[in-house]
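Participant: got a predicted model here, sequence first, then my questions.
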Amino acid sequence: MSSTLHTAGRVADDPWSSWLNHRRDGGDPAIRARVADETAAFAGKLLNLAPATPAAMLDIGSGAGLVAWAALARWPHLTVTLTDISAPLLAQAETEAQARRVSHQCRFLHSGAEGLPGAEAAAYDLVTSRSAIAYAADKTAAFRAAFRVLRPGGALCIAEPLFHEEALAARALRNLTETSADPLLPLLHKWKAAQFPDTEATAQANPLTNYTERDMLGFARQAGFGELHLELHIDERPAPKRDWAAFCATAPHPLAPPLTEILATRFTPAERARFETALRPSIEGGKFMTTSRMLYLRGRKPLTARLGVA
Ligand SMILES: C[S@@+](CC[C@H](N)C(=O)[O-])C[C@H]1O[C@@H](n2cnc3c(N)ncnc32)[C@H](O)[C@@H]1O
């Protein structure tokens with residue numbers, strides 16, 4: 001593709017790029033490799049939902065290009081529009097496209113999910129999003145925008161994380177601190193409440209925790225999508241052994257502070273020591289479980305406008 005709306009070059013990090021590039025794995029090479037495997041699997045499952053060989057695809061919240069590169073490997077004649085609100089990630093993806101020699105098939109658009117300004121109407125036969133619509137404050141608008149840019153018959157395929165149970169867990173810890181004398185509970189609560197809302201009101205007000213997989217299905221239906229298909233994948237597995245410092249440097253999502261920052265700003269020195277004594281052996285010994293909750297959703301823009309639908 002000849003036109004790019006973004007120019008590659010060094011752009012200062014923002015919370016999105018610093019999380020994708022550093023805070024997601026805390027600089028631990030083993031965790032980085034594990035994340036790379038996991039996210040490649042997410043992208044593969046997402047693309048498996050696409051109904052036919054697409055010619056033109058738009059990826060919402062493309063980040064450093066995970067889904068775009070996987071799609072280009074699968075469909076070598078594809079053209080891809082990568083859209084994101086993060087200028088540094090778009091610049092990074094543009095540099096990566098050059099390295100992969102696929103620049104001529106890519107366009108980079110600095111554009112938010114809610115509206116996709118700059119993207120032409122009815123121009124794409126596949127719209128994808130992986131862990132990006134989750135952050136959109138107005139998800140109804142995001143689904144409407146995806147519908148607008150798809151050609152009739154085109155498909156929307158998304159894979160989005162579900163975090164409402166993390167908010168429930170933070171709320172449970174908050175309640176437990178009021179009824180239990182266990183001195184560790186207030187510290188666990190401080191940690192979790194810094195990363196996820198811990199009251200019903202704040203969870204409802206937070207775009208990351210105020211939806212379920214069924215809400216996403218409803219947003220797609222309201223936007224006009226048909227032939228809806230939803231899968232909920234919950235995977236529980238043992239956490240790998242982690243180096244304590246690297247563990248503290250990680251955050252569970254781009255808008256959450258890492259544990260290092262939480263310990264420095266919200267804990268007293270005595271609390272920090274108690275917290276580390278209690279948790280470090282389990283972290284370094286790989287004694288925790290991790291749970292990933294992802295929804296996979298496919299919908300199709302009808303070939304003709306439906307008549308008489310209530
Ligand atoms: C967790 S990262 C995922 C990136 C990429 N899709 C991937 O799978 O690696 C979230 C991405 O969504 C982007 N993002 C956040 N809010 C957005 C919005 N309202 N519209 C478009 N992109 C958004 C961020 O800049 C970031 O690139």
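Facilitator: Great, that's in hand. Residues are numbered from 1 along each chain as shown.
Participant: interface residues of the stretch 151-300 of the chain facing the ligand?
Facilitator: Proximity of the stretch 151-300 of the chain to the ligand (C-beta under 6 Å from any ligand atom) is limited to residues Pro254. Glycine gets a C-beta too; all of them are placed from N, C-alpha and C.
Participant: taking the stretch 151-300 of the chain, what residue is nearest to the ligand?
Facilitator: Pro254 (5.6 Å; C-beta to the nearest ligand atom).
Participant: just the element for that residue, please.
Facilitator: In this assignment (DSSP states H and E), Pro254 forms part of neither any helix nor any strand.
Participant: tally of neighbours for the residue nearest to it when sequence neighbours are not counted?
Facilitator: Computed as C-beta to C-beta, 6 or more residues apart in numbering, the closest residue to Pro254 that is not its neighbour in sequence is Trp19, at 3.7 Å. Neighbour count of Trp19, defined by other C-beta atoms under 10 Å: 22.
Participant: now swap in Gly27 and tell me
Facilitator: For Gly27, using other C-beta under 10 Å, the count is 14.
Participant: contacts only, for it.
Facilitator: Ala246, Ala249 (C-beta atoms under 8 Å, 6 or more residues apart in numbering).
Participant: is it located within a strand, as I assumed?
Facilitator: No. Gly27 is assigned coil when assessed by DSSP: H, G, I helix; E, B strand; the rest coil, not a strand.
Participant: isn't the residue of the stretch 151-300 of the chain closest to the ligand right up against Trp16?
Facilitator: Yes. Between Pro254 and Trp16 there is a contact at 5.2 Å, judged by C-beta atoms under 8 Å.
Participant: neighbours of the residue of the stretch 51-200 of the chain found nearest the ligand, how many?
Facilitator: Closest approach between the stretch 51-200 of the chain and the ligand, counting by C-beta to the nearest ligand atom: Gly63, at 2.5 Å. Using other C-beta under 10 Å, Gly63 has 25 other residues around it.
Participant: over to Phe143?
Facilitator: 29.
Participant: how far away is it from Gln195?
Facilitator: Distance, Phe143 to Gln195, by C-beta to C-beta, to the nearest Å: 27 Å.
Participant: and what of Asp125?
Facilitator: In terms of C-beta to C-beta, Asp125 sits 38 Å off from Gln195.
Participant: now do the same contact list for Pro186.
Facilitator: Thr177.
Participant: how does this protein divide into domains?
Facilitator: 15-162+211-237+294-300, 164-201+240-287 (automatic domain parsing).
Participant: which one of those domains is the most hemmed in?
Facilitator: Mean neighbour count (mean count of other C-beta atoms under 10 Å) peaks for domain 15-162+211-237+294-300 among these, with a mean of 19.
Participant: and the strands in the stretch 151-300 of the chain?
Facilitator: 226-238, 289-300 (DSSP state E, counting those that start in this stretch).
Participant: switch these over to TSV; also include distance to Glu276 and mean pLDDT.
Facilitator: Shown next, in TSV, are those (distance: least, C-beta to C-beta, whole Å; pLDDT from 0 to 100):
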stretch	distance to Glu276	mean pLDDT
strand 226-238	21	96
strand 289-300	20	96
